[in-house]
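1. Predicted structure and sequence below. I'll ask about it afterward.
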Amino acid sequence: MYTNHRQSHSFGRSKFRSQRFNRFSNRRFQRPTGSINQYIARATVKTNSIQEAPARVIQFDSLDLPENLKTNIIRHGYTELTPIQASGIPAIRDGKDVIGIANTGTGKTAAFLIPLIEKILKDRAYRALIITPTRELALQILEELRRFSVGMNINSAFCIGQSPIYIQIKELKRNPNVVIGTPGRLKDLIKRGALDLQGFRMIVLDEADQMLDMGFIHDIRHIISFLPEKRQSLFFSATMSTQIDNLIKSFVKNPVTISVKKRETTEHIRQNIVKVENGQTKIEVLSKLLGQEEFKKVLIFDRTKRGVDKVTSRLYERGFRVASIHGDKPQHKRHQAIRMFKEDVVKILVATDVAARGIDVANISHVINLDIPATYEDYIHRIGRTGRADKSGVALTFSE
């Protein structure tokens, strides 16, 4: 049965905070105490900021950008700037260090890629490093970069783990304008002497809060130590804490902080609890839900890799078109699963929290949590995969 929760209660700080931990450990195995009711029905949260995003609507075709870049932006379906873009793009074009705080799905990627591409078009020697916590997010940024830079001869290198390093070394020898990668692989390439960061003039750290959660802080500090002191630094995050704030401010001077974080959970995501009654199993309840017509494109989260494999197998046996991703799957298998989900080859994707950020798939009708997420932040990022671009969505969380 469903228990419906509307967003009506005032927001207080969740007592479930992400703890700093070694990235080789797995906090996802830690079951949270308490009830899912503490995550659902949160309302407005205020964020300290120097600059709030403007309310007025700005059209992309009104920006003084190179014509070929403007053409690609419009061809990509962008017409109006989102708030993070309206505030972030001018600041980045002016060469300022920027801290951007915005909910997932608000256009952060375009906010830094568009001015970056403009800088490269003006100076072909311009180079930038983009660091992301997950391979999926790195791939999403690479795809966006390629869409915005069609016909511009802008070279990039994609440096992530579980992919052939010799190919990445070959790409780096071409001195690409943009290097996109995850911390572990970037650190390895620096150690091998394949990646020299002295000529880089911009660093972008995307999803800074997850970097801290995943224990990448020492890798990030190590990588940044190889960059020149004179550079432009951009940091984007969906959440902000004192730890992250101190980390970021140790790398930048007089940054512009832009906050467009109006709500933790958006009103157009309907959040419900699914009660698993005595005598029922999660798979039985899940199968009945997925058989309903309104469950058109569904992302299912399970805490463990073993759980993901088990759920995927059981659903497949019941005749559902389903794919899965988790950290132990080879990168090409993860890419294939996401592509099949995007192209509607399968209508269900089962994943660990590796998919909570960095997967930008349109028209996901439902997000289902088969367990209570470990933290409130995890819950926010999971359900943020639906209800994107102001469309409606449904988030369901199982409770036994």
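-> Now that the structure is in, tell me what you want to look at. These numbers come from a predicted model, not from an experiment.

2. alpha carbons only for contacts and neighbour counts from here, please
-> Will do.

3. Assign a three-state SS to L137, would you?
-> Following DSSP: H, G, I helix; E, B strand; the rest coil, we place L137 in the helix state.

4. roughly how far apart are it and H335?
-> 11 Å (CA to CA, to the nearest Å).

5. Show me which of those two is the more surrounded one.
-> Between L137 and H335, L137 has the larger neighbour count (other CA atoms under 10 Å), namely 25 against 16.

6. Wait, the more buried one touches I359, no?
-> Yes - using CA atoms under 8 Å, L137 is in contact with I359, at 6.5 Å.

7. low-confidence ranges in the protein?
-> 1-38, 40-56, 103-105, 213, 261-267, 355-358, 389-390 (pLDDT under 70).

8. which residue ranges form the helices in it?
-> Taking DSSP state H as the criterion, the chain contains helices spanning 67-75, 83-93, 108-122, 135-148, 165-172, 183-191, 208-213, 217-224, 242-249, 282-290, 305-317, 331-342, 376-383.

9. in the longest one, what counts as buried?
-> The one in question is helix 108-122. 108-121 (16 or more other CA atoms under 10 Å).

10. can you count the residues close to S313?
-> Around S313 there are 15 residues (other CA under 10 Å).

11. That one and G279, how far apart?
-> According to CA to CA, S313 and G279 sit 21 Å apart.

12. can you list the helices of the chain in TSV and add distance to P255?
-> Formatted as TSV, the helices of the chain follow (distance: least, CA to CA, whole Å):
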stretch	distance to P255
helix 67-75	27
helix 83-93	10
helix 108-122	15
helix 135-148	23
helix 165-172	30
helix 183-191	23
helix 208-213	15
helix 217-224	17
helix 242-249	8
helix 282-290	47
helix 305-317	39
helix 331-342	36
helix 376-383	25
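
13. which residues does L396 contact?
-> Residues near L396 by CA atoms under 8 Å, 6 or more residues apart in numbering: Q271, N272, I273, V274, H366, V367, I368, N369.

14. where's it relative to G77, distance?
-> 30 Å.

15. for F60, same thing?
-> 10 Å.

16. Between the two, tell me which one has more neighbours.
-> Each of F60 and G77 has its neighbours counted (other CA under 10 Å); F60 has more, 18 against 8.

17. now the more buried one: how far from K122?
-> From F60 to K122 the distance is 19 Å (CA to CA).

18. cool, and V361?
-> Counting by CA to CA, the gap from V361 to K122 is 32 Å.

19. can you check V178 too?
-> On the measure of CA to CA, V178 and K122 end up 15 Å apart.

20. And for G387?
-> G387 is 37 Å from K122, by CA to CA.

21. go on, F158?
-> If you go by CA to CA, the gap between F158 and K122 works out to 23 Å.

22. same deal with D219?
-> Taking CA to CA, one finds D219 at 32 Å from K122.

23. Could you do G384 as well?
-> 36 Å.

24. same thing with K305?
-> With CA to CA as the criterion, K305 and K122 are 46 Å apart.

25. ditto for I217
-> For I217 relative to K122 (CA to CA), the value is 33 Å.

26. Show the contacting residues for G88.
-> Applying CA under 8 Å, 6+ apart, the residues contacting G88 are V98, G100, A111, F112, I258.

27. Tell me which two of the residues you listed sit farthest apart.
-> F112 and I258 (12.8 Å; CA to CA).

28. Chain neighbours aside, what residue packs nearest to N177?
-> R127 (4.4 Å; CA to CA, 6 or more residues apart in numbering).

29. distance from the centroid: which residue in the protein tops it?
-> The centre of the chain is farthest from one residue, G279, which by CA atoms, centre = their mean lies 37.5 Å away.

30. ok, that residue - contacts?
-> Per CA under 8 Å, 6+ apart, neighbours of G279: none.

31. same check, this time on A128
-> L116, N177, V178, V179, F200, R201, M202, I203, V204.

32. swap in I220?
-> I220 touches P183, counting by CA under 8 Å, 6+ apart.

33. And it, how far from S250?
-> Counting by CA to CA - I220 and S250 are separated by 12 Å.

34. what residues are shared contacts of the two?
-> By CA under 8 Å, 6+ apart, no residue touches both I220 and S250.

35. Would you quantify the distance from K342 to R385?
-> 13 Å.

36. let me redo that: K333
-> 20 Å.

37. Repeat that for D61.
-> 29 Å.

38. again, but for R221
-> 30 Å.

39. Compare the two (neighbour count), which wins?
-> The neighbour count for R221 versus R385, taken as other CA under 10 Å, is higher for R385 (29 against 13).

40. Correct me if wrong: that one contacts S365.
-> No - contact criterion CA under 8 Å: R385 and S365 do not qualify, at 9.2 Å.

41. Tell me how many other residues surround L299.
-> Neighbours of L299 using other CA under 10 Å come to 27.

42. From N363, how far out is it?
-> Taking CA to CA, one finds L299 at 11 Å from N363.

43. Could you do P183 as well?
-> Applying CA to CA to P183 and N363 gives a distance of 30 Å.

44. now I180
-> Distance from I180 to N363, by CA to CA: 27 Å.

45. higher neighbour count, these two?
-> Taking neighbours as other CA under 10 Å, I180 and N363 compare with I180 leading, 23 against 18.

46. which ones are touching that one?
-> So I180 contacts L129, I130, I131, T132, A138, I141, L142, S156, A157, F158, C159 (CA under 8 Å, 6+ apart).

47. partner residues bridging it?
-> Taking DSSP bridges as the rule, I180 bridges to I130, F158.
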